[in-house]
Structures are given as C-alpha cells and as structure tokens.
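1. Could you work out the structure for the sequence below:
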Amino acid sequence: MSELEHLLRRHLTDWRSGWSMGSFGAIAEFHQDRDEPAAVDDSFALTRATRRGAIRIRRASVDGIRAVAYETLSPKRHRWSQAVALCLPAHAARRSERAVLTELGPDDEAIRGVDRTQILFDMGLALPQCDFCIRTSDPKLLGALRAGLGRSLFEHDNPAMPAILKAHPHRVALTNIGRVEVFQKIGGPDTGGVSPPGPHTHLLPKLLKSGRTHSANAPIPKGFMPVGSLHPGNPVIGPLGEEKEFEPALHAEFQELLSKYGADGSAALKQRVIAALAQGEAPGSSAGLSSRPARTSVRLALRQERRRAEQAGDVALARRIVAWQAEFEPDDPSADEEDDAPGH
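-> The predicted structure is shown next:
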C-alpha cells in the first residue's frame with residue numbers, strides 16, 4: 001500500500017474528515033457525523049456510504065494522484081482552512097465536457113446496490129474534470145428530463161431545471177479518481193435556504209461562467225487539475241462551521257501533511273516565522289516576506305501560533321504575535337481572503 005493510499009484509507013474512517021469532488025462552481029461534498037452508521041464500509045476499495053451520501057476513490061487511480069496540501073485564510077482573523085487537493089495531470093483529468101443535458105442510462109457503478117437501476121443524467125455543465133450528474137427513478141422527473149435532453153439546463157424555457165429543484169434527485173460527481181454521491185435535498189427553499197448538514201452539493205452559475213478549474217488561492221501545480229479534495233478535521237472550526245477550542249493534535253497532523261505535500265514552500269516559511277517569534281525578533285525582520293504568497297504564509301503562522309499561545313497562557317508570546325499581526329494583517333480583513341471552505 002502506498003503512503004497516499006494509507007492516508008486516504010485512514011481519513012475515510014475519520015468522521016471529522018470531509019471530501020469533495022467537482023470543479024469550480026459545481027461540487028459534491030461527503031461528510032459524516034460522529035458514530036454515523038455506514039451502509040457501505042469497504043476500506044480496501046476506498047468506499048464508504050451512509051444514508052445521506054457516499055464516496056469512492058478508485059484504488060487503480062491512486063498511484064497517479066498528486067496530493068497538494070495547502071491552507072487558506074478565513075475572513076475571521078482567528079481562523080483558517082486546510083485541504084489536500086487530489087490532482088491528476090490535466091490530460092488525465094479531463095472528462096466528457098458535455099454541454100447539454102444527456103441521458104447516460106442505468107448507474108451500474110452506483111456505490112449502493114439499490115441505486116444501480118436508477119437512471120443517470122449528465123447535467124451538461126461542460127466541466128473539464130467532472131461529469132456532474134443527477135440520478136433518479138421517479139417517472140415524473142424522468143419525463144421532464146427527457147423533454148429537456150440536448151439542451152442547456154440554463155435555457156429559460158427548459159423544463160428540466162425546475163423539475164430537478166422540485167424533486168431533489170441524487171447528485172453524482174464523476175471524476176477520473178472516483179465519485180461522490182449525495183442523497184440529501186438540494187439546498188434552497190425546501191431546506192430553509194441553506195445546504196443541509198452532511199453531504200450536499202453546490203451549483204453556482206456565476207462561478208461556472210469563469211471557466212476556471214479551481215480557486216485562485218489553491219496552489220495547484222502547472223499542468224495539473226484538482227479532481228477532488230480531502231478536508232481533514234480543522235483544529236479551530238467545527239463540522240458545521242462553528243467555533244471550537246483549538247485542537248493542537250489536529251493542527252500538528254495537518255502541519256505534517258503540509259511539510260510532506262505542500263507545493264509552495266509555505267511550511268518552511270512558517271517555521272521561519274515561528275523561530276523569529278521565539279527569538280523575540282521585530283515584525284518583518286526576516287527577509288523575503290514581501291510577496292503575497294509569503295505574506296499569506298506569515299499570516300497563517302501568526303494566527304496559528306496565537307491560538308496556541310492563548311491556549312497555553314503564554315502572554316509574552318501572544319503580545320509578540322499581536323505586534324507582528326499589526327504589520328501583516330490588512331485593515332480590511334476580507335480584502336484578500338477566502339471563505340472557510342477551500343476549493344468550493
């Protein structure tokens with residue numbers, strides 16, 4: 001078993017870890033609750049399903065995956081997000097890029113056996129690295145979908161999109177490393193205007209129009225495309241985005257991933273900042289901190305060290321960190337920051 005396969009297998013059984021597959025503007029997420037029963041639990045096949053959703057990572061694809069660990073800044077100055085992008089070379093990541101609603105037939109590869117007779121439809125979003133699909137056996141919805149075949153879902157008189165939003169079919173994100181399936185309702189009027197907790201999907205036409213394959217803040221290597229992401233348990237943000245006490249063990253675990261799979265040297269730069277703080281150096285005394293990526297790494301290190309200092313009751317270190325933050329944190333905290341869900 002490769003090191004990456006071992007990592008993926010371990011996180012599939014960790015309820016704190018989330019997963020996503022898709023592209024910029026269309027993504028399917030798989031999340032679990034603590035002690036949530038699994039309907040399918042096959043660690044050898046890198047497959048897991050609950051009553052709310054499912055994920056499969058094809059073992060045959062793992063050797064071709066390049067893992068890229070990274071962190072992003074939250075608009076809230078005491079928080080940050082983290083992810084491991086699962087990337088393929090661009091030529092190996094590409095899918096069909098269908099631009100119209102297309103019927104694909106029974107979903108023979110569905111993770112749960114009960115879903116394999118349902119009919120799969122590509123929504124026609126023309127995503128480079130993901131076929132974003134819906135799956136149903138509902139006769140009324142099947143009729144509406146077949147009436148809209150060969151057309152864009154976003155045409156104003158296409159009956160398919162209103163029917164989809166009303167019926168809440170399964171959503172299935174297909175990539176060249178596997179799939180994520182979501183069984184819960186689509187976020188909207190029927191869910192109080194928000195995505196339901198646990199597995200859910202996001203479909204954002206404005207982001208789709210950008211034609212990008214990923215967020216600009218994700219340091220994806222040139223020539224690669226992210227086709228999925230692992231979101232290990234966050235040390236300061238709970239599963240529903242809530243505040244929580246700093247968890248040093250979760251933070252240390254991700255710093256190891258950042259050292260191993262980080263693509264931009266951020267781990268080494270953060271260590272320089274931590275050493276400078278420990279030695280009582282003045283803010284910005286270390287050279288090479290002027291570029292935006294470098295300043296982002298500095299801000300991440302300061303936020304993380306401040307949470308650690310506050311938990312340990314180290315008042316002197318916390319004061320030094322505040323002095324550094326006065327120089328490196330912008331007056332407008334949302335000026336160049338992401339939300340709390342990198343890759344979405």
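
2. How many residues are close by residue 159?
-> Residue 159 sits with 14 neighbouring residues when counted by other C-beta atoms under 10 Å. (Each C-beta comes from the backbone N, C-alpha and C, glycine too.)

3. residues contacting it?
-> Taking C-beta atoms under 8 Å, 6 or more residues apart in numbering as the criterion, residue 159 is in contact with 144, 147, 148.

4. check which helix or strand covers the residue nearest to it when sequence neighbours are not counted.
-> Closest residue to residue 159 apart from its sequence neighbours, by C-beta to C-beta, 6 or more residues apart in numbering: residue 144 at 5.0 Å. Taking DSSP states H and E as the criterion, residue 144 maps to helix 139-147.

5. Can you give me the buried ones in the helix or strand just after that helix?
-> For helix 139-147, the following helix or strand on the C-terminal side (DSSP H and E) is helix 160-167. Using 16 or more other C-beta atoms under 10 Å as the test for burial, helix 160-167 gives 160, 161, 163, 164, 167.

6. Relative to residue 239, which of the contacts of residue 159 is nearest.
-> Ranked by distance to residue 239 (C-beta to C-beta), those are led by residue 144 at 34.6 Å.

7. coming back round to it: can I have the buried ones of the contacts of residue 159 as a ChimeraX selection?
-> To isolate the buried members of these in ChimeraX, using 16+ other C-beta under 10 Å:
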select :144,148
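
8. Reformat the contacts of residue 159 as TSV; add pLDDT and distance to residue 224.
-> Shown next, in TSV, are the contacts of residue 159 (pLDDT from 0 to 100; distance: C-beta to C-beta, whole Å):
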residue	pLDDT	distance to residue 224
144	95	38
147	94	39
148	93	34
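
9. quick revisit: could you save the buried residues of helix 160-167 as JSON lines and add columns showing distance to residue 309 and pLDDT?
-> As requested, those are exported to JSON lines (distance: C-beta to C-beta, whole Å; pLDDT from 0 to 100):
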{"residue": "160", "distance to residue 309": "54", "pLDDT": "93"}
{"residue": "161", "distance to residue 309": "51", "pLDDT": "91"}
{"residue": "163", "distance to residue 309": "54", "pLDDT": "95"}
{"residue": "164", "distance to residue 309": "49", "pLDDT": "96"}
{"residue": "167", "distance to residue 309": "52", "pLDDT": "96"}
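
10. List just the nearest of those to residue 66.
-> Of all the buried residues of helix 160-167, residue 164 has the smallest distance to residue 66: 34.0 Å, by C-beta to C-beta.

11. Give the partner strands of the longest strand belonging to the chain in its sheet and their orientations.
-> Longest strand of the chain, by residue count under DSSP state E: strand 80-89. Paired neighbours of strand 80-89 in the sheet (DSSP bridges): strand 66-73 (antiparallel), strand 224-231 (antiparallel).

12. Relative to residue 216, which of these is closest?
-> Going by C-beta to C-beta, the one of the strands paired with strand 80-89 nearest residue 216 is strand 66-73, 10.6 Å.

13. where along the protein do the strands fall?
-> Here the chain has its strands, by DSSP E, at 18-23, 26-30, 40-42, 47-49, 53-57, 66-73, 80-89, 102-106, 119-122, 131-136, 170-175, 178-182, 200-203, 224-231.

14. Looking at these, which is nearest to residue 325?
-> With C-beta to C-beta, the closest approach to residue 325 among those belongs to strand 66-73: 12.2 Å.

15. So what sits opposite residue 121 in the bridge?
-> Following DSSP bridges, residue 121 is listed with bridge partners residue 103, residue 134.

16. Quick check: the gap between it and residue 77.
-> For residue 121, the distance to residue 77 (C-beta to C-beta, to the nearest Å) stands at 44 Å.

17. and these two? which has more neighbours close in?
-> The neighbour comparison of residue 121 against residue 77 (other C-beta under 10 Å) goes to residue 121, with 26 against 16.

18. What residues does the more buried one make contact with?
-> By C-beta under 8 Å, 6+ apart, the contact set of residue 121 is 101, 102, 103, 104, 133, 134, 135, 136, 145.

19. hmm, which of those residues are the buried ones?
-> Neighbour counting by 16+ other C-beta under 10 Å classes 101, 102, 104, 133, 134, 135, 136, 145 among these as buried.

20. hmm, back to that, what would the strands of the chain look like in a markdown table with distance to residue 317?
-> Listed next are the strands of the chain as a markdown table, based on distance: least, C-beta to C-beta, whole Å:
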| stretch | distance to residue 317 |
| --- | --- |
| strand 18-23 | 32 |
| strand 26-30 | 36 |
| strand 40-42 | 44 |
| strand 47-49 | 41 |
| strand 53-57 | 40 |
| strand 66-73 | 21 |
| strand 80-89 | 18 |
| strand 102-106 | 57 |
| strand 119-122 | 54 |
| strand 131-136 | 47 |
| strand 170-175 | 44 |
| strand 178-182 | 41 |
| strand 200-203 | 39 |
| strand 224-231 | 29 |
